[in-house]
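Visitor: sequence plus the predicted model coming up.
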Amino acid sequence: MTDRRHQQRFEMLLREHRKIIFKVASVYTCEVEDRNDLAQEISVQLWRSFGSYDARRAKFSTWMYRIALNVAISRRRREKGSLAHRTEPLDEHHLEALGGGEPIAEQDERLATLHALIGELDALNRALILLYLEDKSYAEIAEILGISETNVATKLGRIKQRLRGQMTATKTIAARA
């Protein structure tokens, strides 16, 4: 394939799946500039890796998620000290950036609480729950994250249990107030 055709194919696939970049960037950053920087860093890494993409081995979206999450998690680890004090729970403006449709209604505090709790998860668990909420199968999640399906199931079970416990505790505290 000529360089120009290779570039055109990449650009077409990137346009078709660009929301993935913004979803990942929105989950792993809170400042607009950081989000844009991460989205650009992901795009650059996708281009650098595009020559090794094999459509017979994985769907483009699966391959893209894997690279985007690896870039986001790696960046988070590199900047752990500086990012630790700058993270914030997911809220209305994050969901709008994710293209999640309508913003959270003020009366739906349970959903807002759930998003806040997800925002507090570590990088890998946040990636797991993001992919789970994107309706990815355990097999797809395992392929994207490079872990076994059993590990995906175990970790998701623990995350759900933890979130349920935290939601129950939050509900109990709110009822007492």
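Guide: Now that the structure is in, tell me what you want to look at.

Visitor: and the helices in the protein?
Guide: In the chain, the helices defined using DSSP state H lie at 3-16, 18-28, 32-49, 60-78, 80-84, 92-97, 109-119, 123-133, 138-145, 149-176.

Visitor: helices or strands next to the fourth one in the packing?
Guide: Using 3 or more C-beta pairs under 8 Å, 6 or more residues apart in numbering; DSSP states H and E as the contact criterion, the neighbours of helix 60-78 among helices and strands are helix 3-16, helix 18-28, helix 32-49, helix 123-133, helix 138-145. Quick note: C-beta positions are derived from backbone N, CA and C, even for glycine.

Visitor: picking up where we left off before, export the helices of the chain as TSV, with columns for mean pLDDT and mean neighbour count.
Guide: Shown next, in TSV, are the helices of the chain (pLDDT from 0 to 100; neighbours: other C-beta atoms under 10 Å):
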stretch	mean pLDDT	mean neighbour count
helix 3-16	92	12
helix 18-28	89	21
helix 32-49	93	16
helix 60-78	90	20
helix 80-84	53	10
helix 92-97	50	16
helix 109-119	80	16
helix 123-133	90	20
helix 138-145	92	19
helix 149-176	87	13
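
Visitor: not counting its neighbours along the chain, what's nearest the residue nearest in space to the middle of the chain?
Guide: Residue closest to the mean C-alpha point of the chain, counted by C-alpha atoms, centre = their mean, is V24 at 3.7 Å. Nearest non-adjacent residue to V24, counting by C-beta to C-beta, 6 or more residues apart in numbering: A68, 4.2 Å away.
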